[in-house]
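turn this into a structure:
(one chain, ligands or ions: 1)
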Amino acid sequence: MSRITLERVNELLKREEERYHEEHPRSKALFKEAQKNFVAGVPMSWMRIWAGGFPIFVEKAEGVYITDVDGHRYLDLCLGDTGGLCGHANPAIVSAIHKQMQTRGTTTLLPTEDILWVGRELERRFKLPYWQIVMSASDANRFALKAAREYTGRRLTLAMNATYHGSVDETLCFQIGDTLINYPGMMGPLFEDPSVITRMIEFNDLEALEKALATREIACLITEPVMTNVGIILPEPGYLEAMRELTRKYGTCLLIDETHSMCAGPRGFCGDMDLVPDIFVAGKFIAGGYPGAILGFNEEMASWLAQRVPWHTFFGFGGTLSGNAAAVAGMRAALEHVLTEENFARMSSLAAEMEAGIARLIEKYNLDWYVTRIGCRVEFRFSPKPPRSGGEALFSDAPYNEVDIISEGLTGPLEALVHLYCANRGVLLTPIHEMALVGPTATADDVQLYVSILEEMLQELTA
Ligand SMILES: Cc1ncc(COP(=O)(O)O)c(C=O)c1O
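Here you go, the predicted structure:
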């Protein structure tokens with residue numbers, strides 16, 4: 001077994017932290033200055049979860065590279081936690097949004113002709129006929145759950161334990177034993193006791209799924225087809241198909257959220273399966289990095305929603321900027337020129353090389369870790385085998401990365417070390433996850449760079 005110890009992890013972490021502070025004086029100073037006007041020094045709280053105590057400030061971002069204000073250049077494997085999956089400043093997207101803004105403005109509360117192409121393309125890829133465009137995947141999920149409640153006349157949402165679907169009250173909880181609790185740090189939950197609005201089950205547990213649905217109290221089952229937020233957890237054979245069958249049997253809407261799993265390919269994880277949900281959600285990169293998300297409905301739900309429009313818009317659904325023309329232009333460019341078959345094939349093949357490289361390291365250094373991949377997303381974790389469910393994933397880390405997620409947050413010491421070790425040598429990973437996204441313009445050399453940095457770290461860790 002591996003010779004990694006918590007003591008060695010902490011020793012290297014301290015050294016890497018010092019190096020990070022020394023080599024990023026300008027980012028550090030800007031962060032200090034920003035604390036005067038921004039809560040916790042950042043415009044959005046997630047920007048504080050980077051290891052090292054402060055985030056780098058960006059000077060330039062192009063393709064899969066970022067340059068910071070201290071002059072360091074990074075290979076960006078975070079890609080805005082999927083928001084930048086199309087690559088930064090992608091020329092096709094920049095040009096489409098620029099043209100839209102320059103000639104027709106950003107937002108007029110009127111549609112542009114682009115929606116026709118986008119609607120047809122969304123139906124072709126994701127099989128649902130009717131669409132709405134909103135500003136974020138969180139919004140899309142929130143609105144979808146409201147729609148499902150009203151459509152079914154039921155109150156409860158069913159979600160997978162340890163899932164994440166955005167800032168959506170119904171899914172910001174997790175289950176320990178039989179008790180549902182709100183996420184630690186959740187802001188002003190609607191209900192102190194989330195079981196008023198939510199039920200949770202473990203992913204891949206069909207028996208629990210049927211038991212929950214059979215109460216006929218569930219308006220909507222919201223799920224990723226492959227879990228991504230506590231590490232990649234693949235569905236077992238037949239699980240998604242059974243999910244579709246059971247939700248139909250018990251009159252529950254099935255919402256598939258492919259916001260992250262779209263990294264599987266141009267039609268997402270489910271696109272090539274014989275599986276059509278009632279509601280489909282994707283966001284983050286769908287408008288090429290410009291804020292935008294999509295919300296698809298089946299025929300019945302769409303005609304039920306449409307009946308409300310002549311006499312009333314759907315209040316509590318969307319907002320003034322939803323469906324704005326710049327987002328639609330970005331969406332068309334992203335779907336037409338970037339999120340293509342060819343690009344996904346290349347990205348996935350490079351990601352497979354990365355996965356193989358990390359697998360070789362795991363074997364060479366005799367680590368009790370595993371590496372896994374969906375499409376262009378590669379992830380390794382500090383436990384010997386992939387978990388079957390979110391509940392299993394939450395508590396499966398090796399002792400040298402143990403962290404009390406209730407009181408200490410989500411990042412364990414080895415996790416922090418991996419992130420800082422990579423950042424100090426020119427590679428950015430998504431905070432919290434050991435997750436790497438291979439973007440459209442990445443190269444085999446980029447993959448090699450990341451794998452070789454991991455190897456350097458492992459040599460030191462196991463020395
Ligand atoms: C599966 C999934 N759905 C929805 C969201 C929410 O996306 P956003 O934060 O862009 O609203 C996330 C965010 O990480 C996610 O992972």
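
and the most centrally placed residue in the chain, what does it touch?
With distances taken as C-alpha atoms, centre = their mean, the residue of the chain nearest its centroid is residue 260 (4.1 Å). For residue 260, the contacting residues are 82, 224, 228-229, 284, 377, by C-beta atoms under 8 Å, 6 or more residues apart in numbering. Placement of C-beta: from N, CA and C, glycine included.

chain neighbours aside, what residue packs nearest to residue 30?
Once flanking residues are discounted, residue 30 sits nearest to residue 57: 4.8 Å by C-beta to C-beta, 6 or more residues apart in numbering.

ok, how many other residues are close to that neighbour?
For residue 57, the count of nearby residues is 16 (other C-beta atoms under 10 Å).

so what's the residue nearest to residue 241 when sequence neighbours are not counted up against?
With sequence-adjacent residues excluded and distances taken as C-beta to C-beta, 6+ apart, residue 241 is closest to residue 275, at 6.4 Å. For residue 275, the contacting residues are 240-241, 244, 256, by C-beta under 8 Å, 6+ apart.

nearest to the ligand, of those residues?
Using C-beta to the nearest ligand atom, residue 256 comes nearest to the ligand of these, at 10.1 Å.

which helix or which strand is home to the closest one?
Following DSSP states H and E, one finds residue 256 within strand 253-257.

identify all contacting residues around that strand.
Looking at what lies outside strand 253-257 - C-beta under 8 Å, 6+ apart - the contacts are 137, 141, 144-145, 148, 151-152, 165, 219-225, 243-244, 247-248, 270, 275, 277-282, 301.

about what we covered before: quick check on the contacts of residue 275: which are buried?
For the contacts of residue 275, a burial check counting by 16 or more other C-beta atoms under 10 Å picks out 240, 244, 256.

ranges for the strands of the stretch 1-150 of the chain?
Counting by DSSP state E, counting those that start in this stretch, one finds strands in the stretch 1-150 of the chain at the ranges 58-62, 65-68, 73-76, 130-134.

next, format those strands as a markdown table and append distance to residue 347, mean neighbour count and mean pLDDT.
Output for the strands of the stretch 1-150 of the chain, formatted as a markdown table (distance: least, C-beta to C-beta, whole Å; neighbours: other C-beta atoms under 10 Å; pLDDT from 0 to 100):
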| stretch | distance to residue 347 | mean neighbour count | mean pLDDT |
| --- | --- | --- | --- |
| strand 58-62 | 17 | 15 | 98 |
| strand 65-68 | 16 | 19 | 98 |
| strand 73-76 | 14 | 21 | 98 |
| strand 130-134 | 25 | 21 | 97 |
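
and the ligand, which of those strands is closest to it?
Nearest to the ligand among these is strand 130-134 (9.4 Å), distances taken as C-beta to the nearest ligand atom.

what lines up beside the closest one in the sheet?
Applying DSSP bridges to the sheet, strand 130-134 is found paired with strand 293-297 (antiparallel).

mean confidence for the strand it pairs with?
For strand 293-297, the mean per-residue pLDDT is 98.

could you point out the helix or strand that follows the longest helix along the chain?
In the chain, taking DSSP state H as the definition, the longest helix is helix 341-364. Counting by DSSP H and E, the element after helix 341-364 in chain order, helix or strand, is strand 370-374.

that following strand close to the ligand?
No. Using C-beta under 6 Å from any ligand atom, strand 370-374 never reaches the ligand; the gap is at least 12.3 Å.

counting by contacts, list what the very next helix or strand once past that strand packs against.
Next helix or strand after strand 370-374 toward the C-terminus (DSSP H and E): strand 377-381. Applying 3 or more C-beta pairs under 8 Å, 6 or more residues apart in numbering; DSSP states H and E, one finds that strand 377-381 contacts helix 341-364, strand 370-374, strand 435-437.

and the next helix or strand after strand 377-381, C-alpha only, in CSV?
Per DSSP H and E, the first helix or strand lying C-terminal to strand 377-381 is helix 390-394. Listed next in CSV are the C-alpha coordinates belonging to helix 390-394 (Å, rounded to 0.1, in the frame of the first residue of the first chain):
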residue,chain,number,x,y,z
GLY,A,390,-23.3,9.9,-3.0
GLY,A,391,-23.6,8.7,0.6
GLU,A,392,-20.7,6.3,0.0
ALA,A,393,-18.6,9.0,-1.7
LEU,A,394,-19.0,11.5,1.1
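
so which bits of the helix or strand just after helix 390-394 are buried?
On the C-terminal side of helix 390-394, the nearest following helix or strand under DSSP H and E is helix 413-423. By 16+ other C-beta under 10 Å, the buried positions in helix 413-423 come out as 413-423.

out of those, which are close to the ligand?
Taking C-beta under 6 Å from any ligand atom as the test, the ligand is in contact with none of these.

got a list of contacts for stretch 135-147?
Stretch 135-147 is touched from outside by 132, 134, 157, 165-168, 170-171, 219-220, 222, 255, 257, 259, 279, 281-284, 291-295, 297, 301, 305, 314, 316-319, 321-322, 327, with contacts defined as C-beta under 8 Å, 6+ apart.

can you sort out which of those also neighbour the ligand?
Contacts with the ligand are made by 165-166, 257, 259, 283-284 out of those, judged by C-beta under 6 Å from any ligand atom.

contacts only, for the residue of the stretch 201-350 of the chain found nearest the ligand.
Nearest residue of the stretch 201-350 of the chain to the ligand: residue 259, at 3.6 Å (C-beta to the nearest ligand atom). If you count contacts by C-beta under 8 Å, 6+ apart, residue 259 has them with 82, 137, 165-166, 224, 281-284, 293.

helix or strand: which one has it?
Secondary structure from DSSP H and E places residue 259 outside every helix and strand.

burial measure for the closest residue to it other than its chain neighbours, as a count.
Distances taken as C-beta to C-beta, 6+ apart place residue 137 nearest to residue 259, at 4.2 Å, with adjacent residues excluded. Per other C-beta under 10 Å, the neighbour tally for residue 137 reads 27.

distance-wise, check residue 137 relative to residue 326.
For residue 137, the distance to residue 326 equals 18 Å [C-beta to C-beta, to the nearest Å].
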